[in-house]
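Novice: this one's structure only:
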């Protein structure tokens, strides 16, 4: 990723503007900052490293081709990329009946030179707060959200899996997300804090 | 889905929708509803932001994937990335001999497209980055320029529009009182197109424009901007 250093000190909004000018270095910097998170999500949802890597490529190609889809008023670039990646993964999961036979594999982080120690420390710090916030959810909320979000299931599937009424599952998803946001806010984490 | 969902049923689906946990029919119903209900849009935005933290694990990018991505970019890019040029001061231009005339508001409203994309001012943390980008864009190959002048011919803003539609405007417009904002417009053969609001005290802004506007203009509007302006422009200039 030669030339990325030109954008290291730029914030994400400026990076996306440069991406809109077909600046590959800007895309490389966005990739350096956020591809790990997109990859982590894709691996957790798809349980297949090769397919997860393809998903990472797809998400960043979509950013390259349609950067105007990013609206900074709706959240950070990382949130945008994760939402886009999540929607793509859900499509893939639901289209792939074979996923039921997949085997859980351990997720191993691969270090690459361009992922610097400061960025890693920052990510780990945020991730630690997120884990703590998730602990504040009730078991029912966490279970419903994880099955839906990481499993790619509809709320109806989740209700069937958990043998709970559909209305209960919908309520738990909402209350869990609201609680998660409140817990993170209480820990001083909000969108502006996470902007790179 | 055998019947249309009621608003209450759709409201009940918003959280599941925000994490893609609805089926295709429900998704379509929710998305149609969101176009009509700003409160629901805000609710979904909040829920989606909360959901995005679920995947906030960070970690390094997968090795080797960037190289594959670069290969794809090389095959699909519309043009070569231009080398970043230096910014040099441009000579002041004479005022256009064609006086600016706003199209009558009634005619404007029908054809006007509100097309604001990214308008980012130097007041933001990205300001210095934008200034650098604006500088590097000034002399890019194929770039078009505009000096926006007031009624006295004083240059109040300079803009550059790149071939891909990205534009930067460097403003020395005087600060407006609270409750007012500058708004940027592009004018072609048809009606003025809003390129976005610039805030009350802009410095450097970035914008994006479709097509090839022949003029750019800035108006003084109420905060939030307007769909069609009835104001005389504070500054206007030909894009050449």
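Specialist: Arrived safely. Because the structure is a prediction, the values reported are computed rather than measured.
Novice: residues contacting residue B:234?
Specialist: B:150, B:156, B:173, B:182, B:218, B:219, B:220 (C-beta atoms under 8 Å, 6 or more residues apart in numbering or on different chains). Where you see a C-beta, it was placed from the backbone N, CA and C, and this is true even at glycine.
Novice: quick one: the first one and residue B:232 touch, right?
Specialist: Translated: residue B:150. No - look at residue B:150 against residue B:232 with C-beta atoms under 8 Å: they stay out of range, at 10.1 Å.
Novice: neighbour count: those two, which is higher?
Specialist: residue B:150 (17 against 13; other C-beta atoms under 10 Å in any protein chain shown).
Novice: what packs against the helix of greatest length in chain A?
Specialist: Using DSSP state H, we find that the single longest helix of chain A is helix A:24-46. When contacts are defined as 3 or more C-beta pairs under 8 Å, 6 or more residues apart in numbering or on different chains; DSSP states H and E, helix A:24-46 packs onto helix A:12-20, helix A:49-65, helix A:77-95, helix A:117-135, helix B:65-76.
Novice: switch to 7 Å and redo it
Specialist: helix A:12-20, helix A:49-65, helix A:77-95, helix B:65-76 (3 or more C-beta pairs under 7 Å, 6 or more residues apart in numbering or on different chains; DSSP states H and E).
Novice: distance from the chain centre to the longest one, please.
Specialist: Relative to the mean C-alpha coordinate of its chain, helix A:77-95 is positioned 8 Å out (C-alpha atoms, centre = their mean, to the nearest Å).
Novice: that one close to chain B?
Specialist: Yes - Helix A:77-95 reaches chain B (C-beta under 7 Å from any C-beta of the partner chain) through A:79, A:82, A:83, A:86, A:87, A:90.
Novice: residue B:50 is in contact with the third one, correct?
Specialist: Spelled out, it's residue A:83. No - between residue A:83 and residue B:50 there is no contact under C-beta atoms under 7 Å: 11.4 Å.
Novice: quick one, which of those two is more surrounded?
Specialist: residue B:50 (25 against 22).
Novice: okay, that one: pLDDT?
Specialist: pLDDT for residue B:50: 84.
Novice: so what's it up against?
Specialist: A:177, A:180, A:181 (C-beta atoms under 7 Å, 6 or more residues apart in numbering or on different chains).
Novice: next one: residue A:20
Specialist: Residue A:20 neighbours (C-beta under 7 Å, 6+ apart): A:67, A:68, B:164, B:166, B:208.
Novice: ok, now with 10 Å
Specialist: By C-beta atoms under 10 Å, 6 or more residues apart in numbering or on different chains, the contact list for residue A:20 reads A:26, A:63-64, A:66-68, A:70, B:117-118, B:162, B:164-166, B:206, B:208.
Novice: how is the chain carved up into domains?
Specialist: No chain specified, so I'll use chain A. A:1-110, A:116-196 (automatic domain parsing).
Novice: that was the other one, I meant chain B.
Specialist: Taken from automatic domain parsing, chain B resolves into B:7-54, B:105-238.
Novice: as a markdown table, these with distance to residue A:156 would be great.
Specialist: Output for those, formatted as a markdown table (distance: least, C-beta to C-beta, whole Å):
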| stretch | distance to residue A:156 |
| --- | --- |
| domain B:7-54 | 7 |
| domain B:105-238 | 38 |
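Novice: among those, which gets the worst mean confidence?
Specialist: Here the lowest mean pLDDT among those goes to domain B:105-238, at a mean of 74.
Novice: model confidence score at the spatially most central residue of chain A, please.
Specialist: The centre of chain A sits closest to residue A:82, judged by C-alpha atoms, centre = their mean, with a distance of 3.3 Å. Looking at residue A:82, its pLDDT is 89.
Novice: just checking, it touches residue A:75?
Specialist: Yes - taking contacts as C-beta atoms under 10 Å, residue A:82 lies within contact range of residue A:75: 9.4 Å.
Novice: give the residues shared as contacts by the two.
Specialist: B:48, B:52.
Novice: on that earlier part again, buried ones only from the contacts of residue A:20, please, as a ChimeraX command.
Specialist: Remark: buried members of the contacts of residue A:20, expressed as a ChimeraX selection using 16 or more other C-beta atoms under 10 Å in any protein chain shown:
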select /A:26,63,64,67,70 /B:117,118,162,164,165,166,206,208
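Novice: nearest to residue B:24, of the contacts of residue A:20?
Specialist: Closest approach to residue B:24 among the contacts of residue A:20 (C-beta to C-beta): residue A:66, at 21.7 Å.
Novice: that older thread, so what's in contact with residue A:83 and residue B:50 at the same time?
Specialist: With C-beta under 10 Å, 6+ apart as the test, residue A:83 and residue B:50 both reach B:18, B:19.
Novice: for the contacts of residue B:50, pick the one with the most neighbours.
Specialist: Neighbour-wise, those (other C-beta under 10 Å) top out at residue A:177, 26 neighbours.
Novice: where's that residue, which helix or strand?
Specialist: For residue A:177, the element it lies in under DSSP states H and E is helix A:166-186.
Novice: and the residue lying closest to residue B:187 once chain neighbours are set aside, how close does it get to residue B:146?
Specialist: Nearest non-adjacent residue to residue B:187, counting by C-beta to C-beta, 6 or more residues apart in numbering or on different chains: residue B:215, 4.3 Å away. The gap separating residue B:215 from residue B:146 is 7 Å, by C-beta to C-beta, to the nearest Å.
Novice: thinking again about what came up before, quick check: beta-bridge partners of the residue nearest to residue B:187?
Specialist: Using DSSP bridges, the bridge partners assigned to residue B:215 are residue B:187, residue B:238.
Novice: end to end, how far does stretch B:16-23 reach?
Specialist: 10 Å (C-alpha to C-alpha, to the nearest Å).
Novice: wondering if that stretch reaches chain A at all.
Specialist: Yes - contact of stretch B:16-23 with chain A (C-beta under 10 Å from any C-beta of the partner chain) involves B:16, B:17, B:18, B:19, B:20, B:21, B:22, B:23.
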